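>>> structure for the following, please:
(one chain, ligands or ions: 4)
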Amino acid sequence: MTEYFGDILQATLRRRDFLKTALWGAAGLALSQVEAGVAASFSSSSLSFATIYPNKDDKVTLPAGFNQGIVIRWGDALDNGPNLDWNRLHESVTAVEVERQKRCFGYNCDFVGYLEAPQGRRLLVVNHEYTNPEIMFRGFEKRPNQWQAALQREAHGVSVVEIQPQGRGGWRYVKGSSYNRRITGSTPCEIGGPLQGHPLMCTQYDPRGRLVYGTLNNCAAGKTPWGTVLTCEENFHSYFGGSEAQLSGQVRELHKRYGVPSDRADRYGFYLYESRFNIEKEPNEAFRFGWVVEVDPLNPNRPAVKRTALGRFRHEAATTVVAPDGRVVVYMGDDARFEYIYKFITKGKYNPRQREANWGLLDEGTLYVARFNENLGGEWLQIASIKGTQIIPNPALPDVFQADPGLCLINSRGAADALGATKMDRPEDVEWNPVTKTIWVALTYNERRTTSDRANPRTENVMGHVLEMAEAGGNPTALRFQWQIPLLCGEPGATASNRQLLLYGQAVDKTVPAISAPDNFAFDMRGNVWIATDGNPGSSRLQKNDGVYVLNPFRREFKMFLSGVPGSEICGPEFTTDNRTFFCAIQHPGEGAKSTAELPTRWPYGDNVVIPRPTVIAVWRQDGRQVYV
Ligand code: FEO
Ligand code: CA
Ligand code: CA
Ligand code: CA
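Residues are numbered from 1 along each chain as shown. Ligands and ions are numbered 1, 2, ... in the order given. Coordinates of the predicted model:
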C-alpha cells in the first residue's frame, strides 16, 4: 500500500455529507481495484515554498525565492522586421499593421508548449485564443472596421518561436529563427481524416472539402510523443454571424447545437467582411472549425491538419499518453456547460524510431465519451470507430447517425447525448499525470446546474472542481474507470456549500489559499498538479486575480504559487524538461474594462505603450534548483 492511498483506505463512508464522500477510498474501493501506480518514494517530499494568497495587485506575484522574466509579448516580431506599433494601431489600423501582425506574436496567448528540437534548440508553441477589441482599439464600440477585423483575424491562431536561455534563469525569444512561424485565422490548413470531402465539409471556396483558411479560438493543446502539437479550436462559433432562417433544417439544427450563429460575431466582425463567416452565404464553413489541429513545429513548411477523427466540439485541450501496447490515447474536454469528456484510442501504434510514421496516426481509431456512475465507477461509451476512411457508428446510435456516419464526428455532441454520457460542469483540461498514472479533469464552473449528480455534486457550482480518474489496471486503453474528487474549489470556511473549499473531502483552515475556476494543468516530475485558473475575478467567485496553484496529491498539500494581474487569466502552465523553468501565459490583462479609458492595468508596461499586452513569462528559482523543490 502506498501513502497516496493509505489513509483514504481507512476512511469510513460519511453518508451524512454527500459532498465529502466522492473519494474512492471512502467508497470502499481498494487500491487493487483502482490500480493507479504511484511510486511511494515521491510521497515523502513536500512543497517547500511559502504559499501566497489571492490578491488584486497590478503585478505578477510569486513566493519568496523566485524570479520572473518576460519571454514574448503580443506584437513582438517573429521575423527580423519591426514589432507591431501598438500605439499606432490603438489609434488607427491600416493594412500595414495587418501585414505585420501576420509575422508578429499573436494576441491572448493560451497554451504554452516547450519542445526540444535537434541540435539543442528549444521551441515554444503558443496558442492565441481570441482578441479583445475594446482594449486593442481606442473608442471601439460594437463592431470593428475592416482593418480592425482583419488585424484580429491575424492575431488569432498559433505561434512557433525559438527560445534561448538568458542570464541566470531567464529566457528570450530568437528573432528571425528559421523555426519561427505564425498560423493565423487565414493560413491554409488541411482537412485530414475520415471527414475529408464529406458534403458538410465542402464550401464554395473549397468544393472538395480538403482545405480551410485558418484555425480559430485555439485555447489549450497538447504535445504528442512524436513532437507535434495538437492545438484545439474551442469557441469557434463566436466568429459566425448572419441569420439561420434560410438554412436547411439539418444544418440549422446542427449549428444550433454548437451555438452558431453567435451574438459575439459582431465584436470580431469577420462575417461583416468575409462571406465565409456569414452563414447565410456559406452555411458549411462553421463545420470546418471545432477540431483538433495537428501542427508540426519542426517543419515550418508543413500545413497544419484538422484531425477530424477526434470529433468536433468546443475543444479545450488534447493530451496524449502512450498505452503499454503502443497505441496512443488522446483525452479531451468539451468546454461548455453540461458537455462531455472524450477520449480517442488510435488503431495503430506509436513508432518511436521513425517520427514520420506517426503523422496520420490520429486519423484512425475509436472515439469514446465518458459516463460517470454514482458508485464512483464509470465507463467509456463508444461513439464510432474509424478504419481507413470508413466511419462505423456504435449500433446503439439512432438511425440518423447510421445513415450518415460522418455525423458521429461532426455532431459528436449529439452522439454523446444519444448514448447517455454524463453532462459535466464545463470540462476544461483533461490530462494524464505520468506519476500518479491517473487523469486529472478541470471542471471550471457551472452556475446553471440545478440538479447535481455525484461527479458534479454541487448545484449552482460557481467555484468549480477537480476530478481524478483512474483507468482500470492503470491502462489508458481501458473502457472502465474509477473516479474521485480531490478538490471542490472555493474559500476555506465559507458557509455556503457551493462556496466552501474541500480538499479530499475535508474542510481546511484559512492558511490554505482560496481557489476557483480551475482551467489548465501541468505536472512536475514528482507528479504534483499545477493548476492555472480562469475566473477568480468573477463577481460570484473570489473577486481576486487569477493564479497558479499546486496540489501535492500524496501529502494533500495545497498552495498558491503565482498571482496574475487584474483582468488576466493564467494559461499554458508548462515546465522545461529539467523542471528548472516554469512558463505560463498572462492572457487578456485588463479584460473587463469597457474601454482603454478605464483600464485596471497596462501590464507588462514599458515602451510607452498605452495598452496592456498578453505575454508569456518564465519563472525560476533564484537558487537554480527545480521549481517544485
Ligand atoms: Fe478557453 Fe476553456 O478555456
Ligand atoms: Ca482563455
Ligand atoms: Ca482554457
Ligand atoms: Ca477557461
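>>> for ligand 1, what's the nearest residue on the stretch 51-200 of the chain?
Scanning the stretch 51-200 of the chain for the residue nearest ligand 1 gives Glu129, at 5.6 Å (criterion: Cβ to the nearest ligand atom). Yep, even glycine has a C-beta here, placed from its N, CA and C like the rest.
>>> report the secondary structure state of the residue nearest the centre of the chain.
Per Cα atoms, centre = their mean, the C-alpha nearest to the average position across the chain is that of Ala220, at 2.8 Å. Secondary structure, DSSP: H, G, I helix; E, B strand; the rest coil: Ala220 is strand.
>>> quick one: contacts for it?
Going by Cβ atoms under 8 Å, 6 or more residues apart in numbering, Ala220 touches 110-111, 127, 232, 234, 316-317, 428-429, 519-520, 571-572.
>>> export these as TSV, with columns for pLDDT, secondary structure and distance to Asn608.
As requested, these are arranged in TSV below (pLDDT from 0 to 100; DSSP: H, G, I helix; E, B strand; the rest coil; distance: Cβ to Cβ, whole Å):
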residue	pLDDT	secondary structure	distance to Asn608
Asp110	98	strand	27
Phe111	98	strand	30
Asn127	98	strand	28
Cys232	98	strand	36
Glu234	98	coil	34
Glu316	98	strand	37
Ala317	97	strand	37
Glu428	98	strand	36
Asp429	98	strand	37
Asp519	98	strand	33
Asn520	98	strand	33
Cys571	97	strand	27
Gly572	96	strand	28
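>>> so which of those residues is the closest to Lys142?
Nearest to Lys142 among those: Glu234, at 23.4 Å, using Cβ to Cβ.
>>> so that closest one sits against Phe313, correct?
No. Look at Glu234 against Phe313 with Cβ atoms under 8 Å: they stay out of range, at 9.0 Å.
>>> ok, these two, which is more surrounded?
Using other Cβ atoms under 10 Å, the more surrounded residue of Glu234 and Phe313 is Phe313, with 30 against 27.
>>> please state the mean pLDDT value computed over stretch 601-620.
For stretch 601-620, mean pLDDT is 96.
>>> so how far does that stretch reach from one end to the other?
End-to-end distance of stretch 601-620 (Cα to Cα, to the nearest Å): 24 Å.
>>> also stretch 223-237?
For stretch 223-237, the first-to-last residue distance is 25 Å (Cα to Cα).
>>> touching ligand 1 at all, that stretch?
Yes. Residues of stretch 223-237 contacting ligand 1 under Cβ under 6 Å from any ligand atom: Glu234.
>>> how about that stretch: buried residues?
If you call a residue buried by 16 or more other Cβ atoms under 10 Å, then stretch 223-237 has these buried ones: 223-224, 226, 228-237.
>>> in a markdown table: these, plus secondary structure.
Shown next, in a markdown table, are those (three-state DSSP):
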| residue | secondary structure |
| --- | --- |
| Lys223 | strand |
| Thr224 | coil |
| Trp226 | coil |
| Thr228 | coil |
| Val229 | strand |
| Leu230 | strand |
| Thr231 | strand |
| Cys232 | strand |
| Glu233 | strand |
| Glu234 | coil |
| Asn235 | coil |
| Phe236 | helix |
| His237 | helix |
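>>> so which of the residues you listed is the closest to Gly106?
Of the buried residues of stretch 223-237, the one sitting nearest to Gly106 (Cβ to Cβ) turns out to be Thr231, at 11.9 Å.
>>> with adjacent residues omitted, what lies nearest to Val328?
Thr346 (4.5 Å; Cβ to Cβ, 6 or more residues apart in numbering).
>>> got the phi/psi numbers for the one you found?
Thr346 adopts backbone torsions of phi -70, psi 150, taken as degrees, to the nearest 10.
>>> neighbours of it, how many?
Neighbour count for Thr346, taken as other Cβ under 10 Å: 24.
>>> need the contact list for it.
Taking Cβ under 8 Å, 6+ apart, we find Thr346 in contact with Arg327, Val328, Val329, Val330, Leu361, Leu362, Glu364, Gly365.
>>> and if you look at Asn373?
When contacts are counted by Cβ under 8 Å, 6+ apart, Asn373 touches Glu379, Arg454.
>>> nearest spatial neighbour of Trp620, chain-adjacent residues omitted?
Gly169 (3.6 Å).
>>> how close does the one you found get to Arg621?
8 Å (Cβ to Cβ, to the nearest Å).
>>> what does the stretch 151-300 of the chain put close to ligand 1?
Residues of the stretch 151-300 of the chain lying near ligand 1 (Cβ under 6 Å from any ligand atom): Cys219, Glu234.
>>> also the chain?
Contacts of the chain with ligand 1, taken as Cβ under 6 Å from any ligand atom, map to Glu129, Cys219, Glu234, Glu316, Asp335, Glu428, Asp519, Asp534.
>>> which one among these gets closest to Tyr205?
Proximity of those to Tyr205 (Cβ to Cβ) peaks at Glu234, which lies at 23.8 Å.
>>> state the distance from the closest one to Cys104.
Per Cβ to Cβ, Glu234 is found 23 Å from Cys104.
>>> for burial, what's the neighbour tally of Asn375?
11.
>>> ok, back up a step: closest one of the residues of the chain next to ligand 1 to Ser540?
Ser540 has its nearest neighbour among the residues of the chain next to ligand 1 in Asp534, at 14.1 Å by Cβ to Cβ.
>>> ok, the closest one - how many residues close by?
Considering only other Cβ under 10 Å, Asp534 is surrounded by 26 other residues.
>>> so it makes contact with Val548?
No. Here Asp534 does not reach Val548: they are 11.3 Å apart, not a contact under Cβ under 8 Å.
>>> got any residues that touch both of the two?
The contact sets of Asp534 and Val548 overlap at Ile570 (Cβ under 8 Å, 6+ apart).
>>> tell me where this protein has helices.
3-10, 31-34, 86-91, 95-101, 133-136, 146-155, 249-257, 265-268, 270-273, 399-403, 407-410, 412-419 (DSSP state H).
>>> most proximal residue of the stretch 351-500 of the chain with respect to ligand 1?
Glu428 (4.8 Å).
>>> contacting residues for that residue?
When the contact criterion is Cβ under 8 Å, 6+ apart, the partners of Glu428 are Ala220, Glu316, Ala317, Gly333, Asp335, Ala442, Leu443, Thr444, Pro518, Asp519, Asn520, Asp534.
>>> ok, of the contacts of Ala220, which come out buried?
110-111, 127, 232, 234, 316-317, 428-429, 519-520, 571-572.
>>> got TSV for those, with distance to Ile183 too?
Shown next, in TSV, are the buried ones among the contacts of Ala220 (distance: Cβ to Cβ, whole Å):
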residue	distance to Ile183
Asp110	14
Phe111	13
Asn127	10
Cys232	13
Glu234	16
Glu316	19
Ala317	17
Glu428	23
Asp429	22
Asp519	23
Asn520	20
Cys571	18
Gly572	16
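>>> tell me the one of those residues nearest ligand 4?
The closest of these to ligand 4 turns out to be Asp519 (Cβ to the ion; 4.4 Å).
>>> before we move on, the earlier item: residues contacting the closest residue to the residue of the stretch 51-200 of the chain closest to ligand 1 other than its chain neighbours?
Closest residue to Glu129 apart from its sequence neighbours, by Cβ to Cβ, 6+ apart: Asp110 at 4.3 Å. Each residue near Asp110 by Cβ under 8 Å, 6+ apart is listed here: Val126, Asn127, His128, Glu129, Asn218, Cys219, Ala220, Cys571, Gly572, Ala585, Gln587.
>>> since that was my last question, I'll sign off now.
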